[in-house]
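Asks: give me coordinates for this.
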Amino acid sequence: MGVVRVLFWVLTSLSLSFVWSFIQTIIKGKKNRKRAVAFFHPYTNDGGGGERVLWCAVKAIQEENPNLDCVIYTGDHDSSPETLMLRAIDRFGVKLLHPPQVVHLYRRKWIEESTYPRFTMIGQSLGSVYLSWEALSKFTPQFYFDTSGYAFTYPLARMFGCKVICYTHYPTISSDMVSRVWKRSSMYNNDALIAKSVWLSRCKVIYYTLFSWMYGFVGSCAHLVMVNSSWTQSHIEKLWKIPERTKKVYPPCDTAGLQELPLEMSNRNHNFISVAQFRPEKAHTLQLEAFAVALSKVDADSPSLKLQFVGSCRNKEDEDRLQKLKDKAVDLNIENNVEFYKNLMYRDLVRLLGGAIAGLHSMVDEHFGISVVEYMAAGAIPIAHNSAGPKMDIVLDEDGCQTGFLASDADEYANAILQLLKMPERQRLDMATAARRRASKFSEERFYEDFKNAIHPILSVS
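Replies: Presented below is the predicted three-dimensional model:
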């Protein structure tokens, strides 16, 4: 009994010590809070649309508030103010006014997917709180800006006295995800073993439902929410229930530079381009299968067709995924018609876009689809998945003219490819011209205007 009593007092003392240390850190952070905007973006080398938003957001704040320091919380230890400034212009063509400050994070493993083989969402979400604790303990800003979707960090940032701003690319959980689990559909976020089991599927629905409630609570702690599309806006407003603090700001796309590329076929080969990070949700395998079907149906005397994959790899898992795609091309016997480009410089991406007749995009429920807009601006006809951002915001008729194709499975993608190949040049030019006009609605200039209008009230009153 005495041992139990001693153990109780030891645990109590440790708990009280932890709580006191927690309170002291928050008090110290509040006291030393700097007038700065700190961007919580642990992966500053992902090369995707989220990173483009980060650099454009930094540039916009530098232009709008020159006296307000911009700080980047990053887990990439080789990043420095100078290398990040160079990366912004080399990879995305975004020229910052001056280098941002950098705060290095050393606990990024706690938000990595590989750390949580099961209960990945809740694991990464709680891990992000731990990583954010490291960030805020090292540097406490007046404005905490999340550009990576880690909503569980918002209550902690508020405890440190920060104004919380976020740019949300997609909800961590959505009713669509819950619906797929309920229907027992196997996808990248629903293991086949779970999909085959009624009992496991019901347990996962309960887990998702509880997580949705938690996600709604933490998200509601944001002072300002910017979302990137109509689809994301509808889900976030439903989950976070703060529509008065939620603004739709389309992500920045380099439409101006890409629109200078010629539309004429003489400057384009029969190349199809696919721009996306090598991640499971991007469904690259579907594109390979569709391209194989299309190749089997083209005339023997048709020009040689190429499918060019352009994307970035964040880690070993992405590298392995890329290798599996190369192996899949061999299995489909189309390896001579497929090319892979990893971690390409922006200028090289523009060159490939300028030589493509069309662009493929196959992610289900893509929240927006910057690459789809880039296709359209460059004059490459988009063939995108018939859902979410591409369906609701992007691949819409412009002045009564079709701007691209929407598809849902390999056969539909293949049919769109074949239809485009058989299209008269005049009709293709008309579609490309209409698509280019549509793409101008998502320009960087439009982003800067809408972004500054959204943040001005919260920055000016603080």
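Asks: ok, K422 to I273 distance?
Replies: As for K422, its distance to I273 is 20 Å (criterion: Cβ to Cβ, to the nearest Å). (Each C-beta comes from the backbone N, C-alpha and C, glycine too.)
Asks: ok, these two, which is more surrounded?
Replies: I273 (27 against 11; other Cβ atoms under 10 Å).
Asks: ramachandran coordinates for the more buried one?
Replies: For I273, the backbone dihedrals (degrees, to the nearest 10) come out as phi -110, psi 150.
Asks: any idea how far A222 is from it?
Replies: 36 Å.
Asks: same thing with K316?
Replies: Taken as Cβ to Cβ, the span from K316 to A222 is 33 Å.
Asks: so for those two, which sits in the more crowded spot?
Replies: Just comparing K316 and A222: by other Cβ under 10 Å the higher neighbour count belongs to A222, 25 against 9.
Asks: three-state assignment of the closest residue to the more buried one other than its chain neighbours?
Replies: Nearest in space to A222, with sequence neighbours left out and distances taken as Cβ to Cβ, 6 or more residues apart in numbering, is V164 at 4.7 Å. Of the three states, V164 takes strand under DSSP: H, G, I helix; E, B strand; the rest coil.
Asks: number of residues surrounding V164?
Replies: Quick note: V164 (other Cβ under 10 Å) scores 24 neighbours.
Asks: same check, this time on N453
Replies: Neighbours around N453, by other Cβ under 10 Å: 11.
Asks: now swap in V37 and tell me
Replies: When neighbours are counted by other Cβ under 10 Å, V37 comes out with 26.
Asks: so where's the stretch 351-462 of the chain uncertain?
Replies: 461-462 (pLDDT under 70).
Asks: that one: strands as residue ranges?
Replies: Assigned by DSSP state E, counting those that start in this stretch, the strands in the stretch 351-462 of the chain fall at 356-360, 381-385, 405-407.
Asks: just the chain next, same as before
Replies: With strands called from DSSP state E, the chain shows them at 34-40, 69-74, 101-104, 141-146, 163-168, 224-227, 246-248, 271-275, 306-311, 338-342, 356-360, 381-385, 405-407.
Asks: want to try a markdown table for the ones you listed, with distance to Q233 as columns?
Replies: Below are the strands of the chain laid out as a markdown table (distance: least, Cβ to Cβ, whole Å):
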| stretch | distance to Q233 |
| --- | --- |
| strand 34-40 | 21 |
| strand 69-74 | 26 |
| strand 101-104 | 31 |
| strand 141-146 | 17 |
| strand 163-168 | 9 |
| strand 224-227 | 5 |
| strand 246-248 | 5 |
| strand 271-275 | 24 |
| strand 306-311 | 27 |
| strand 338-342 | 33 |
| strand 356-360 | 25 |
| strand 381-385 | 19 |
| strand 405-407 | 20 |
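Asks: what sits against H41?
Replies: Contacts for H41 (Cβ atoms under 8 Å, 6 or more residues apart in numbering) come out as G50, E51, L54, I72, Y73, T74, T147, S148.
Asks: for P390, state which of the residues you listed is nearest.
Replies: Using Cβ to Cβ, G50 comes nearest to P390 of these, at 17.2 Å.
Asks: the nearest residue to the closest one once chain neighbours are set aside: neighbour count?
Replies: Nearest non-adjacent residue to G50, counting by Cβ to Cβ, 6+ apart: H169, 5.7 Å away. Neighbours of H169 under the rule other Cβ under 10 Å: 23.
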